[in-house]
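> I would like the atomic coordinates for the input below:
(chains A and B)
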There are 2 protein chains.
Amino acid sequence: MIADTLSYFESRRAKIVGALEGIAPASDAAREPLRRILEFCVRGKMIRGCLVFLGAEAARSSAGAAPEIPLAAASMELFQAGLLVHDDIMDRDELRRGAPTIHARYAAELRERGIDEAPHVGEALGICLGDICYFEAYAALARALEGAFRADPARAGAAGRIFALCSSVLSEVAVAQMTDVSWGSGREEVPEEEILAMYRGKTAHYSFSLPLCVGALCAGGPDLVGPFMALGERLGVLFQIRDDELGLFGQAEAIGKGRGSDLREGKKTLFRARLLAAAPAAEQGRLRSLFGGEVEADAGDLAYLRRLAEGLGVLRGIAELSRRTEAEALTILDGLRGMPPGVAAVFEGLVEYVTRRER
Amino acid sequence: MIADTLSYFESRRAKIVGALEGIAPASDAAREPLRRILEFCVRGKMIRGCLVFLGAEAARSSAGAAPEIPLAAASMELFQAGLLVHDDIMDRDELRRGAPTIHARYAAELRERGIDEAPHVGEALGICLGDICYFEAYAALARALEGAFRADPARAGAAGRIFALCSSVLSEVAVAQMTDVSWGSGREEVPEEEILAMYRGKTAHYSFSLPLCVGALCAGGPDLVGPFMALGERLGVLFQIRDDELGLFGQAEAIGKGRGSDLREGKKTLFRARLLAAAPAAEQGRLRSLFGGEVEADAGDLAYLRRLAEGLGVLRGIAELSRRTEAEALTILDGLRGMPPGVAAVFEGLVEYVTRRER
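Numbering: from 1, shown residues only, chains lettered A, B, ... in the order given. Below is the predicted model of the structure:
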């Protein structure tokens, strides 16, 4: 079932790439940054964009053919590109999606031209490029909804809601990113509720709820914003729990980052919070030095973490939370009556994918 | 007449501050960044926000009272805050509007808490805060236009145009900023036409045309987008020519930056391009070392620049361009029939202000 969902995504992905390629530069000066943005976008999986199609098809089976859907989906990918370009500057990452990050690439080009302070100027150009992504995303969204604004008042209302929802969810994600940066630079542990709030603010609303709602609002039909916000929260928490698991115990080749890389970065995960809360005093020293990224974790350390988490019931507790969240997601889906059966199956595959994906 | 325009701005400024203060944080985590953004905004002159009122009053005399104008004006100030916060990171500026810049302030606070790499984390938080400004700006704009989206199709169409115009002009300004960063890091001279294109892209469309058009579109009435785009281009070029003049020969106390500071930063101005193009070979060495910021320019250097520019007719040529541009602006204003006389006088004072301001 995951395979069906992934092949559904693959087919929608092609339409998003087409919409992105159709964005014309407004000036000669815009040509070069737009080309970089496009190259960056097409290296991604474009799940957010695909969810716009899925949200639209849930609301109205024929909506996938509506002219605004591909461009609205493209705008989600442009937002994501802007956030990632800025994130990579903040995290000083040099690699993303198997290629140099945007600011690292600029810095390398500037170095070749003998420019002083190439790393700083590269970051400056990266900040600009991220900003361009945001503004081009809104421009694409405005173009996508152009017809709706003029057509009839009901559709114009939906267009207004789309702009409002995008902006408030994006503000939420930028605030969450700020909290994440603060956590990364501090040494205090973060309580479980705040970590779950971060999962909702940084992943769930933005990566799942928003694109589903945008699709549904574009398509018209029944108002799915409420159930899609709730569904997105579950999908986001499931995704993040699995992401944490892969970041600790996953295979480096499959997930594209080293095993234990979350340890090195000192990431504040649910697993970490629960394990530190449950572990006896005698283990706290080793745990804190592992979670603090002070020592490079080897296979023995990872086996130790797994053994300890199993013994203390932490893995069972998280699996239980995951099962409960999955059940809630499926209940919300059951409540969405009138979806074409094919669309419902894609949603079920999506729940399975975020819960059990291997990469 | 400048005084009347400035007092008009001052009265509108108070309404924008009120609208900004009315923006409620969406979560506890958003409270602190929003407070910083508000503090940052209220230290500015808010000319862009005031121009939203002026554009609205030009289109319809009673529009100043329309409920969406103050919030739409506030959104222009939020965009500007985001751009400035990011600019200050790119330029490594520590001071803005007489106070520490956002990223410098974060870095100082982190240093006090003993955080490693406080300058880098301060920049990361600054990038996030700039992003939040953009998204809150769009959220404010969406809230301002909420009524329009629902009310009647004609107004919804205007709301759609406002989103599209904002996004394309902001993308243009971010592209121009990227070009500016590249110019700053390179050593090549930039031809006059490209400098004028930069004045239009980075100052004219964004700081003048956009807010006037947003106001006019909010107010309804005659379609003023065409004349306001054209007027804004003239205002922007006049503003920038005067800005360059003040940056070279202005009094440090009045303009808040040192005399000759544009020389230190190696800024690519129209004055520079014309002087380098006109100067004989014997002067090129001294000129280039002054414009390259290699030597600290003293009063004698500035007197030399002025003498040379006068002798070669460069100052006269630029004054001539300024006079011609001012005349074009006044002709466009004359064409805007039906403006209330008080509003027309504010526009005339605005033309005078951008052309002859002392600070």
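
> contacts, neighbours, all on C-alpha from now
Will do.

> please name the residues that touch the residue of the stretch 201-350 of chain A found nearest chain B.
Residue of the stretch 201-350 of chain A nearest chain B, by Cα to the nearest Cα: A:Gly201 (10.1 Å). A:Gly201 makes contact with A:Glu172, A:Val173, A:Ala176, according to Cα atoms under 8 Å, 6 or more residues apart in numbering or on different chains.

> write the ChimeraX selection for whichever of those are buried.
Buried residues among those (16 or more other Cα atoms under 10 Å in any protein chain shown), as a ChimeraX selection:
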select /A:172,173,176
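
> out of the contacts of A:Gly201, which touch chain B?
Restricting the contacts of A:Gly201 to those near chain B by Cα under 8 Å from any Cα of the partner chain leaves A:Glu172, A:Ala176.

> output the contacts of A:Gly201 in TSV; the columns should cover secondary structure and pLDDT.
TSV is the format used below for the contacts of A:Gly201 (DSSP: H, G, I helix; E, B strand; the rest coil; pLDDT from 0 to 100):
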residue	secondary structure	pLDDT
A:Glu172	helix	97
A:Val173	helix	97
A:Ala176	helix	96
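
> got a markdown table for the contacts of A:Gly201, with distance to B:Thr5 too?
Shown next, in a markdown table, are those (distance: Cα to Cα, whole Å):
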| residue | distance to B:Thr5 |
| --- | --- |
| A:Glu172 | 38 |
| A:Val173 | 40 |
| A:Ala176 | 41 |
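
> just the C-alpha atoms of the helix or strand where A:Arg288 lies, please, in CSV.
A:Arg288 belongs to helix A:281-291 when assigned by DSSP states H and E. Output in CSV follows, covering the C-alpha atoms of helix A:281-291 (Å, rounded to 0.1, in the frame of the first residue of the first chain):
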residue,chain,number,x,y,z
ALA,A,281,21.3,8.0,38.1
ALA,A,282,24.1,5.5,37.2
GLU,A,283,23.4,5.8,33.5
GLN,A,284,22.8,9.6,33.4
GLY,A,285,26.5,10.4,32.8
ARG,A,286,27.0,8.2,29.8
LEU,A,287,23.6,9.2,28.4
ARG,A,288,24.3,12.9,28.7
SER,A,289,27.7,12.6,27.1
LEU,A,290,26.1,10.6,24.2
PHE,A,291,23.1,13.0,23.8
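
> just the buried positions in it, please.
Those would be A:Leu287, A:Arg288, A:Leu290, A:Phe291, for helix A:281-291 by 16+ other Cα under 10 Å.

> surely the last one meets A:Phe271?
Spelled out, that is A:Phe291. No: judged on Cα atoms under 8 Å, A:Phe291 makes no contact with A:Phe271 at a distance of 10.6 Å.

> hmm, back to that, among the buried residues of helix A:281-291, which are in reach of chain B?
Counting by Cα under 8 Å from any Cα, no member of the buried residues of helix A:281-291 reaches chain B.

> what's the closest of the residues you listed to A:Arg359?
A:Phe291 (22.3 Å; Cα to Cα).

> which residue sits closest to the closest one, ignoring its sequence neighbours?
A:Leu263 (5.2 Å; Cα to Cα, 6 or more residues apart in numbering or on different chains).

> chain center to the helix or strand containing A:Leu263, what's the gap?
With elements taken from DSSP H and E, the one containing A:Leu263 is helix A:261-264. Put simply, helix A:261-264 sits 19 Å off its chain's centre (Cα atoms, centre = their mean, to the nearest Å).

> got the contact list for the residue nearest to A:Phe291?
A:Leu248, A:Leu290, A:Phe291, A:Gly292, A:Gly293, A:Ala297.

> okay, it: pLDDT?
What the model reports for A:Leu263 is a pLDDT of 82.
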